[in-house]
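Student: Any chance you could fold what I've pasted below:
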Amino acid sequence: MDYQKQANDFAAKYGVKLEVVNEHYGFHFHDDKQKRYVFEMELSRNGKSYTFAFGQSIANAGEVPTMYDVLACLTKYDVGSFADFCADYGYTDLPLSEYDRISTLYEAVREEFEAVQRLFGDVIEELQEIS
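Tutor: Numbers count the residues shown, from 1 in each chain. Just a heads-up that it's a prediction; the model follows:
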């Protein structure tokens with residue numbers, strides 16, 4: 001399957017626009033050990049938009065993220081409660097010192113899903129096929 005084509009066709013069909021707002025070279029994830037290109041991206045559709053940081057793969061250093069790169073990485077399923085999130089992603093039996101970090105991560109994932117729902121709620125099943 002041509003994944004780039006699948007994402008580009010989805011974007012064309014539903015009027016999805018993707019724009020690089022800014023970029024820098026640095027750490028993206030909490031536990032990054034190597035710097036990467038981090039792009040501030042804006043995804044828009046039907047007069048609504050979502051702006052977020054996208055840490056490009058270190059293997060694709062310097063390449064602007066494609067529509068596929070971005071759509072494939074979005075949170076497309078409801079993560080449920082904090083307890084559900086911890087169970088689904090292996091964050092069980094957390095030491096108290098990790099609770100704040102995992103709670104912050106959960107909130108970020110939940111907020112991303114809410115933005116994805118706002119932009120793509122009417123076509124979420126088709127978006128979920130892009131992975």
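
Student: any idea of the mean pLDDT in the longest helix anywhere in the chain?
Tutor: When the chain is parsed with DSSP state H, its longest helix is helix 96-120. Averaged over helix 96-120, pLDDT sits at 93.

Student: likewise stretch 15-32?
Tutor: Across stretch 15-32, the average pLDDT comes to 88.

Student: so how far is it from its chain's centroid?
Tutor: Computed by CA atoms, centre = their mean, to the nearest Å, the separation of stretch 15-32 from the middle of its chain amounts to 10 Å.

Student: what's the first-to-last distance across it?
Tutor: One end of stretch 15-32 to the other measures 34 Å (CA to CA, to the nearest Å).

Student: Could you pull out the buried residues of that stretch?
Tutor: 16, 18, 23, 28 (16 or more other CB atoms under 10 Å). C-beta coordinates here come from the backbone N, C-alpha and C atoms, glycine included.

Student: which among those gets closest to residue 66?
Tutor: Proximity of the buried residues of stretch 15-32 to residue 66 (CB to CB) peaks at residue 18, which lies at 8.4 Å.

Student: ok, that closest one - contacts?
Tutor: Taking CB atoms under 8 Å, 6 or more residues apart in numbering, we find residue 18 in contact with 11, 41-44, 65, 67, 70.

Student: Now go through these and say which are in helices.
Tutor: Among these, the members falling in helices (DSSP H) are 11, 67, 70.

Student: Figure out the length between the terminal residues of stretch 53-63.
Tutor: Rule used - CA to CA; the end-to-end distance of stretch 53-63 is 15 Å.

Student: tell me the mean pLDDT over that stretch?
Tutor: 87.

Student: Report the buried residues of it.
Tutor: For stretch 53-63, the neighbour count (16+ other CB under 10 Å) marks 54-56 as buried.

Student: Ok, stretch 59-79 next?
Tutor: 65, 67-71, 73-76, 79.

Student: now the buried residues of stretch 15-32 as TSV including secondary structure and distance to residue 117?
Tutor: Output for these, formatted as TSV (DSSP: H, G, I helix; E, B strand; the rest coil; distance: CB to CB, whole Å):
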residue	secondary structure	distance to residue 117
16	coil	15
18	strand	18
23	strand	27
28	coil	24
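
Student: Residue 97: which of those residues is nearest?
Tutor: For these, the closest approach to residue 97 (CB to CB) belongs to residue 28, at 22.5 Å.
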